[in-house]
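Trainee: Need coordinates for the following:
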Amino acid sequence: MTAVVTGHGLTELLRRTGDHPFVRWEVTEELADTWWSVPGAVAFQRTRKAVRRTVNVLGDDGGVAALIDALPQIADEVDPTRKAFSVSVPQHLELLLRERYRVLEGGDWEWFHTTAGPPAAPAHDLVRPLDDVGRADEVRAFLVAHSPTADTEPGGGERWFAVEEPGAAGRPDRLVAVAAWGATRGGAPHLSSVAVDAQQRGRGLGRTIVGALTRMAVAEAGVCTLGMYSHNDVARRLYLSLGYERVCAWASRPVVVRR
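Mentor: Sure, this is the predicted structure:
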């Protein structure tokens with residue numbers, strides 16, 4: 001079995017991963033207090049909204065396989081009292097988890113990153129800030145109707161934006177697209193809960209709102225990130241066409257580890 005080396009600190013973790021964008025923007029100094037490596041791969045801790053830490057394994061196939069074999073050791077160092085903990089591995093290596101451990105149901109998702117905003121477009125002027133606190137019920141209903149897997153709720157501290165159309169016969173303006181602008185653990189702008197009215201799809205509203213916010217984020221912070229569930233082929237094509245790079249494709253699964 002390949003010997004696993006325990007490392008400490010974000011600076012060294014970034015060096016080991018070649019300043020990998022996912023590590024840079026999703027891992028903090030606190031999360032990098034302890035991590036593990038073998039030649040060609042690292043396992044590191046991460047959390048987003050959950051309180052408990054998860055473990056992501058990143059690297060070449062042989063190194064990732066070695067760290068999957070070492071999960072009992074890693075689990076003891078993360079939390080020896082837990083019977084199961086979430087592990088994220090490259091999607092094409094998820095079968096190795098199932099061959100080695102009892103694996104519960106999880107999800108497949110992808111993480112994107114860009115440091116260049118798309119070209120300006122006149123339609124970007126349609127994207128305006130949205131009061132997600134005062135209109136929380138309306139935003140929530142819109143997400144339930146048009147993007148039920150959206151995982152960012154209004155009123156959580158993110159900056160929300162929308163495209164609206166004038167209401168008929170004096171009625172209030174109507175939402176046709178929304179998106180939330182939050183931040184990664186490392187402080188990069190992160191777009192989430194992008195939703196377009198199902199009856200308005202095909203008009204370029206997704207391109208409009210994501211393109212406008214990406215331009216704003218890159219101008220403000222020099223970078224923008226976002227994530228998506230892997231089943232959404234339309235969203236993937238949109239993000240790639242706007243200049244995003246798909247940096248990681250993760251399979252995240254709760255894993256029962258027998259010590």
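
Trainee: Next, the contact list for the closest residue to Arg135 other than its chain neighbours, please.
Mentor: Closest residue to Arg135 apart from its sequence neighbours, by CB to CB, 6 or more residues apart in numbering: Pro154 at 7.4 Å. Yep, even glycine has a C-beta here, placed from its N, CA and C like the rest. Pro154 is in contact with 132-133, 135-136, 139-140, 160, 180, counting by CB atoms under 8 Å, 6 or more residues apart in numbering.

Trainee: Produce a ChimeraX select command limited to the buried residues of those residues.
Mentor: A single ChimeraX command selects the buried members of these (16 or more other CB atoms under 10 Å):
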select :132,135,139,160,180
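
Trainee: residue ranges with poor pLDDT in the protein?
Mentor: 1, 48-51, 167-171, 259 (pLDDT under 70).

Trainee: Tell me which stretches of it form strands.
Mentor: Under the criterion DSSP state E, strands of the chain are mapped to 5-7, 35-38, 41-46, 54-59, 84-90, 102-103, 107-114, 128-130, 159-165, 174-183, 189-196, 224-229, 245-256.

Trainee: Tabulate these (JSON lines), appending distance to Glu29.
Mentor: Supplementary listing: the strands of the chain in JSON lines, determined by distance: least, CB to CB, whole Å:
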{"stretch": "strand 5-7", "distance to Glu29": "13"}
{"stretch": "strand 35-38", "distance to Glu29": "12"}
{"stretch": "strand 41-46", "distance to Glu29": "12"}
{"stretch": "strand 54-59", "distance to Glu29": "16"}
{"stretch": "strand 84-90", "distance to Glu29": "20"}
{"stretch": "strand 102-103", "distance to Glu29": "31"}
{"stretch": "strand 107-114", "distance to Glu29": "20"}
{"stretch": "strand 128-130", "distance to Glu29": "32"}
{"stretch": "strand 159-165", "distance to Glu29": "25"}
{"stretch": "strand 174-183", "distance to Glu29": "16"}
{"stretch": "strand 189-196", "distance to Glu29": "19"}
{"stretch": "strand 224-229", "distance to Glu29": "19"}
{"stretch": "strand 245-256", "distance to Glu29": "21"}
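
Trainee: Which one of those lies nearest to Ala65?
Mentor: Of all those, strand 41-46 sits nearest to Ala65, with 8.4 Å by CB to CB.

Trainee: Pairing partners for the closest one, with directions?
Mentor: Using DSSP bridges, the strands paired with strand 41-46 are strand 35-38 (antiparallel), strand 54-59 (antiparallel).

Trainee: How far away from the center of its chain is that strand?
Mentor: 16 Å (CA atoms, centre = their mean, to the nearest Å).

Trainee: In this structure, which helix is the longest?
Mentor: helix 205-221 (DSSP state H).

Trainee: mind listing what's buried in it?
Mentor: Buried residues in helix 205-221 (16+ other CB under 10 Å): 205-218.

Trainee: And those residues, which is closest to Glu77?
Mentor: Proximity of the buried residues of helix 205-221 to Glu77 (CB to CB) peaks at Ala217, which lies at 35.4 Å.

Trainee: From Gly182, how far off is that closest one?
Mentor: 11 Å (CB to CB, to the nearest Å).

Trainee: any residues in contact with both of the two?
Mentor: Shared contacts of Ala217 and Gly182 (CB under 8 Å, 6+ apart): 189, 191.

Trainee: Val247 is in contact with Leu240, correct?
Mentor: No - at 11.8 Å, Leu240 does not count as touching Val247 under the criterion of CB atoms under 8 Å.

Trainee: More neighbours: which of these two?
Mentor: Neighbour comparison, Leu240 and Val247: the larger count goes to Val247, with 17 against 12 (by other CB atoms under 10 Å).

Trainee: Contact partners for that one?
Mentor: Val247 neighbours (CB under 8 Å, 6+ apart): 20-22, 111-113.
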